[in-house]
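S.K.: predicted model and sequence below, questions to follow.
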Amino acid sequence: MIKSDGVAIFLRDVSQSVFLKEQLKKTAQYNSFFLVSSLEDAVSHPVCVITWEDFLSVSSLDKINSYIIVSGTPSNVAKAFSLGCADYLKEPWSLEELVARTSRFLRKNIKTEFLDIWFDNHKIVVNDSPLWLSPTRKNLLLFFLKNSGVCLPKGAIAMTIGSKLENSRAVDMQIAILRKELAACLPGLEKCIVSVTRKGYIFLPERFQQVCDCHKKSKSR
């Protein structure tokens, strides 16, 4: 089970862990890091940093859903990537490098009354349902999700998709394509984006929740 978002760090050297904790307290990202006491705990977080030796002991990488960042000597970089690590920290690494390399893997979350959303560079997951979209439609959907329940004018939507003409057909076309892609992911999702006459479009989170609930019920039968 994946735990709350953040970077879990498991270092067997106690003195190194204590020093790192003190250094992390000086950064604005301190609350995003967790010093854990076991390898099992580390790989249960979305992103983890473990040593090269511990990385080798993780036998079932295909069953681990976290991004594993390996800390080790430069001589093991190629081998680590071939075994499936997400990134590599060459020892000795700095605090700045740790923050920079781990931050790009952290999930960005949106939580509302009806939705629990996280997204990274690869996909969007809404209420445990993965949505694989093209980059343009992914940005468009994220814009709707961040402003769920709010009627968005075409001008604001146009800026999101890189169009300068708010009354052009570009906005309508992109939303039409997005609806088709959503329907392909999960039938019914396309109805969550509703046109508001002469105003724009609105994303209805409660309707999204209804579709997801119906989908879960049908799978459990």
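M.R.: Here it is on my side, so go on.

S.K.: strands along the protein, start to end?
M.R.: Using DSSP state E, the strands of the chain run over residues 7-10, 33-35, 47-51, 67-72, 87-90, 108-111, 116-119, 124-126, 129-131, 151-153, 193-196, 200-203.

S.K.: out of these, deepest packed?
M.R.: strand 47-51 (a mean of 25; mean count of other Cβ atoms under 10 Å). C-betas here are computed from N, CA, C, even on glycine.

S.K.: tell me the strands beside that one, with direction?
M.R.: Partners of strand 47-51 in the sheet, by DSSP bridges, are strand 7-10 (parallel), strand 67-72 (parallel).

S.K.: mean pLDDT and distance to K138 for the ones you listed - can I get that in TSV?
M.R.: Listed next are these as TSV, based on pLDDT from 0 to 100; distance: least, Cβ to Cβ, whole Å:
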stretch	mean pLDDT	distance to K138
strand 7-10	89	24
strand 67-72	91	19
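
S.K.: so can I have TSV of those showing distance to K217?
M.R.: Listed next are the strands paired with strand 47-51 as TSV, based on distance: least, Cβ to Cβ, whole Å:
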stretch	distance to K217
strand 7-10	34
strand 67-72	32
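
S.K.: out of these, nearest to F105?
M.R.: strand 67-72 (4.3 Å; Cβ to Cβ).

S.K.: got the contact list for the closest one?
M.R.: With contacts defined as Cβ atoms under 8 Å, 6 or more residues apart in numbering, strand 67-72 is touched by 11, 43, 46-53, 55, 58, 61, 76, 80, 84-91, 93, 101-102, 105.

S.K.: ok, stretch 75-95 next?
M.R.: Contacts of stretch 75-95 (Cβ under 8 Å, 6+ apart): 20, 23-24, 27, 47, 49, 52, 55-56, 61, 67-74, 97-98, 101-102, 105.

S.K.: distance from that stretch to the middle of the chain?
M.R.: In terms of Cα atoms, centre = their mean, to the nearest Å, the centre of stretch 75-95 is found 22 Å from the chain centre.
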